[in-house]
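J.: Structure of the sequence below:
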Amino acid sequence: MSSKDADPSKQSGRSAAPLDETAYRILDVLRDNGRVSIAALAEKVGISRASAYTRVESLVHDGVITGFSARVDQAKAGLSIGALVFVTVMPQAWASFRERIIEMPDVEWCAITTGEHDAMLLIRAVDVSGVHEFSTGVIAQLPEVRTVVSVVVLDEVIRRPYLLPGDLPERQTEVPLGMTRWTPASPGRDALPPR
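T.: Below you'll find the predicted structure:
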């Protein structure tokens, strides 16, 4: 099922029913090995096989688990260059920009952001000239785009498949003012229809 066909209540960022400790243990096991058998999953979590099967199906149905896929070393797969492309979009052009980006196979990931730029794309290429060609020859040429800034990724230090609430440490420190710059979203960005 594509994200276009998915039930809006089950899409990314939408809350499903609260998860219990068993669900979090299932997600933790699947994070390390998405191909684990139901029997092995049940054993690791400490529940019956029937319960493990039912719980995984429920997590998929509720949209908590959105799919299963392999993790690939991009360089070994032939795409040795990664780049972050920061885009500033023309006012009133969000819907069209979003549709264009969704159709681009070069884009591994895209997020609408706050701050100096409006969107951040992670792209992959065979070489640096591929990044240049995509940034200046494709993205910068879109009528929806005002500015483009490309930054080549030198080293991907960490990339987790996903985080769970239990992964986040408790922090009791007081954050001094002025350490983070935050810019609210431009008018219209927050009103985009969910994908």
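
J.: For burial, what's the neighbour tally of A39?
T.: 12 (other C-beta atoms under 10 Å). The way it works is simple: take the backbone N, C-alpha and C, and place the C-beta from them, glycine included.

J.: Quick check: it vs D32, distance?
T.: Look at A39 and D32: by C-beta to C-beta, to the nearest Å, they are 16 Å apart.

J.: Let me know the average pLDDT across stretch 46-55.
T.: Mean pLDDT, computed over stretch 46-55, is 97.

J.: How about that stretch, which residues are buried there?
T.: In terms of neighbour count (16 or more other C-beta atoms under 10 Å), stretch 46-55 has its buried residues at I47, A52, R55.

J.: Just these: which are in helices?
T.: Residues of the buried residues of stretch 46-55 located in helices (DSSP state H): A52, R55.

J.: Could you dump the buried residues of stretch 46-55 into a markdown table and include distance to D118?
T.: Shown next, in a markdown table, are these (distance: C-beta to C-beta, whole Å):
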| residue | distance to D118 |
| --- | --- |
| I47 | 45 |
| A52 | 43 |
| R55 | 39 |
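
J.: Against A23, how distant is the residue lying farthest from the centre of the chain?
T.: What lies farthest from the middle of the chain is S48; by C-alpha atoms, centre = their mean that is 32.0 Å. Distance, S48 to A23, by C-beta to C-beta: 15 Å.

J.: Which helix or which strand is home to T22?
T.: Counting by DSSP states H and E, the element that carries T22 is helix 21-32.
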